[in-house]
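**Student:** A predicted structure for the sequence below; I have some questions about it.
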Amino acid sequence: MNCQEVQPQLSEFLEKSLDAIRTKSIESHLISCPACRAEANSLFDCIRQVANLPIVEPPAGFARGVMAHVREIEIEPRGWKRFIAGFRVVLPIQAAALVMIAVVAVLLYQKETKISQPDPVQLTSLPPVSPLSAEEQTNTALDSAPSRPSTPNTLRETRRAPVAEQDRGAQARQQQVSDKLSLKDQAAAPAASANTEKPSEGRIATPRRPTIQAQEVATGGRTFRPRTEVFDFGAAIGALSQTPFRNAPFAVAERASSPLSEPSADIEFIVRRRPFERREQSEEKEESSSDALRKRAEADAVIAAAAARRAVPAPASPPSSIVEMRWFAVPAARFEQFRKDLAAEAHIDSERPIASTDKESTSPSSRELLIKVIILPSER
Amino acid sequence: MGSESISDAECVRRIQRGETETFEILVRRHEKAIFNVVYRMLGDYDDAAETAQEVFLSAYRAIGQFRGDANFSTWLYRIALNHASTRRKSTSSRQRRLVPIDDTELVDDVELGPAETLEKKEIRQRVQRALKELQPEDAMVILLRDLQDIAYEDVARVLNIPVGTVKSRLHRARQALKARLTAYFPTARKAI
């Protein structure tokens, strides 16, 4: 073992932490090497001097002083408690913010759903989805005879105006559901030129809800009156139903919740409009009194009879190219008369009694019959 | 149950549960060792007292993070090393006070004569000065091993270095200390 190997191990040798073999080797080298021996002596002196340094007593009351500060510190939250305390403050704020964000998100989602999706009332009454827009549907329907049961704007608009007068409550509900739709309805009332109707800016191309005549009739228990000026059906038919229309088999509230529900007709007619005929149409205003309605219906009958005698040729584009459905409440005793008048006004394709068994068995002959008339376009 | 029978780990657990007064047991148990290490590193009694107090207060503040993986004393020595190093830097940047080893270090050997007593006191002052001139880590490893007689493994934990590194660092630190003290031990060469 030489000096370079011994000197690095002198510290451990002096501490007696080396194994026996190394210790013996170093001892042998130190006996023979005065330089390493002097190095070892000085190193040993250093260790001894440090080890002999006296233990100094800390100041009196050192522990009390420390504890006094510790108690002051304890007034404040300790490090880890401060960490937790920070969370105690922050967590509720974060939780509240999270709840707020969630509420706003839900509200926004609901609002967006209302805008993007039509009202369930509209959805249930919508015709089959067409790839054409509402305006295109209008134009198509007016240009050619429709091959699907969608209602063009012309007819729908002329029909919708009296609806708005008859059932303002229903229209108010529609306004609540969709401002756009009600705006369109209001604009459509005087619309004589649906072709020129252009979509206003920002309007959502939501398909229009076709009018369901059954609803109109049903709610017309008080105000019903056949719209002869619209459908070219004779006032005689209107006169037949001049008796107060029986109460609708479904309530208004029920109708509001289920617009597609319809009464079960006693008899269903499928008729086809007679071409080249036209009735004189007269503007009429709705009256709320049932007595006034009766008088008006009688007057309509006279006017319609006169108009039928005139048999004015049809205009170039009669508004009779649409499948339509009408409801009539006719006393059973006057049913034959009704059929006769109906045949005079249109060609009856078919007549089908529906659910007549029950009603006839339970009702006398004086009861009213609920008649459903499906009007097909005229043949050209 | 007396405070002597409570282990450091149990004291720490109690403090963590909120028994603040238990910390006094730990302070009284370790104050001398911590104060002496800090005092030997700084060489000033007042600085050492102030720094030792900071060491205990820091330990108290951070005691919630003490998981008991090491001995409490080891953890405390590490805090002391950090505070003493910081204190050294701050005092060295200030005007260096030429304060000799104060009179707190009394030479208690009554058998020594005045000359020997003076010589012994001077040697201690030299050793203290040499320790102060060492790097904090070198001074600390010497103090822990030679003054506090702490095992290599614990020294390694305090300094957060391997045991082998502790040995090599200890030898290097002793060589550095010897180089500063050789002039004061001329007779040492004649030893052995």
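**Tutor:** Cool, the structure landed. Residues are numbered from 1 along each chain as shown, chains lettered A, B, ... in the order given.

**Student:** Just give the nearest non-adjacent residue to the residue most central in space within chain B, would you?
**Tutor:** For chain B, the residue nearest the mean C-alpha position is B:Val37 (1.2 Å; Cα atoms, centre = their mean). Closest residue in space to B:Val37, ignoring its immediate chain neighbours: B:Leu143 at 5.2 Å, by Cβ to Cβ, 6 or more residues apart in numbering or on different chains. C-beta: built from backbone N, CA, C; applies to glycine.

**Student:** Do I have it right that the one you found meets B:Leu42?
**Tutor:** No - proximity of B:Leu143 to B:Leu42 does not meet the contact threshold set by Cβ atoms under 8 Å, at 11.3 Å.

**Student:** More neighbours: which of those two?
**Tutor:** B:Leu143 (27 against 24; other Cβ atoms under 10 Å in any protein chain shown).

**Student:** ok so, going back, who's in contact with the residue nearest to B:Val37?
**Tutor:** By Cβ atoms under 8 Å, 6 or more residues apart in numbering or on different chains, the contact list for B:Leu143 reads A:50, B:37, B:40-41, B:131.

**Student:** which one among the residues you listed gets closest to A:Arg64?
**Tutor:** Nearest to A:Arg64 among those: B:Val37, at 21.1 Å, using Cβ to Cβ.

**Student:** so who does the closest one touch?
**Tutor:** B:77, B:80, B:84, B:140, B:143-144, B:147-148.

**Student:** Dump these into CSV; add pLDDT as well.
**Tutor:** Listed next are those as CSV, based on pLDDT from 0 to 100:
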residue, pLDDT
B:Tyr77, 94
B:Ala80, 94
B:Ala84, 93
B:Met140, 92
B:Leu143, 93
B:Leu144, 93
B:Leu147, 90
B:Gln148, 90
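
**Student:** Reformat these as JSON lines; add secondary structure.
**Tutor:** As requested, the contacts of B:Val37 are exported to JSON lines (DSSP: H, G, I helix; E, B strand; the rest coil):
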{"residue": "B:Tyr77", "secondary structure": "helix"}
{"residue": "B:Ala80", "secondary structure": "helix"}
{"residue": "B:Ala84", "secondary structure": "helix"}
{"residue": "B:Met140", "secondary structure": "helix"}
{"residue": "B:Leu143", "secondary structure": "helix"}
{"residue": "B:Leu144", "secondary structure": "helix"}
{"residue": "B:Leu147", "secondary structure": "helix"}
{"residue": "B:Gln148", "secondary structure": "coil"}
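
**Student:** Run through chain B and note the low-pLDDT ranges.
**Tutor:** B:1-4, B:92-112, B:184-192 (pLDDT under 70).

**Student:** What residue in it comes nearest to chain A?
**Tutor:** Relative to chain A, the nearest point of chain B is B:Gly64 (3.0 Å; Cβ to the nearest Cβ).

**Student:** Any figure for the gap between that residue and A:Asp266?
**Tutor:** 87 Å (Cβ to Cβ, to the nearest Å).

**Student:** what about A:Pro92, how many neighbours?
**Tutor:** A:Pro92 has 10 nearby residues by other Cβ under 10 Å.

**Student:** so which strand or helix has residue 29?
**Tutor:** No chain was given, so I picked chain A. helix A:20-32 (DSSP states H and E).

**Student:** sorry, should have said chain B
**Tutor:** Counting by DSSP H and E, B:Arg29 is found in helix B:23-42.

**Student:** After the helix or strand of chain A with the lowest mean pLDDT, heading C-terminal, what element do we hit next?
**Tutor:** Here the helix or strand of chain A ranked lowest by mean pLDDT, DSSP states H and E is helix A:252-257, holding a mean of 39. Using DSSP H and E, the helix or strand that directly follows helix A:252-257 along the chain is strand A:267-273.

**Student:** I'd like to know which residues of chain A are adjacent to chain B.
**Tutor:** By the rule Cβ under 8 Å from any Cβ of the partner chain, the part of chain A lying against chain B is A:8, A:10-12, A:17, A:30, A:37-38, A:40-47, A:49-51, A:53-59, A:62-63, A:65-67, A:69-71, A:73-74, A:78-81.

**Student:** Let's see which of these end up in helices.
**Tutor:** A:10-12, A:30, A:37-38, A:40-47, A:49-51, A:62-63, A:65-67, A:69-71, A:73-74, A:79-81 (DSSP state H).

**Student:** Filter these down to the buried ones.
**Tutor:** A:10-12, A:30, A:37-38, A:40-47, A:49-50, A:62-63, A:65-67, A:70, A:79 (16 or more other Cβ atoms under 10 Å in any protein chain shown).

**Student:** tell me what the helix or strand that contains B:Arg174 is packed against?
**Tutor:** B:Arg174 belongs to helix B:163-181 when assigned by DSSP H and E. Judged by 3 or more Cβ pairs under 8 Å, 6 or more residues apart in numbering or on different chains; DSSP states H and E, helix B:163-181 is in contact with helix A:10-15, helix A:34-51, helix B:114-133, helix B:136-142, helix B:152-159.

**Student:** Show me which positions of that helix end up buried.
**Tutor:** B:166-167, B:169-171, B:173-178, B:180-181.
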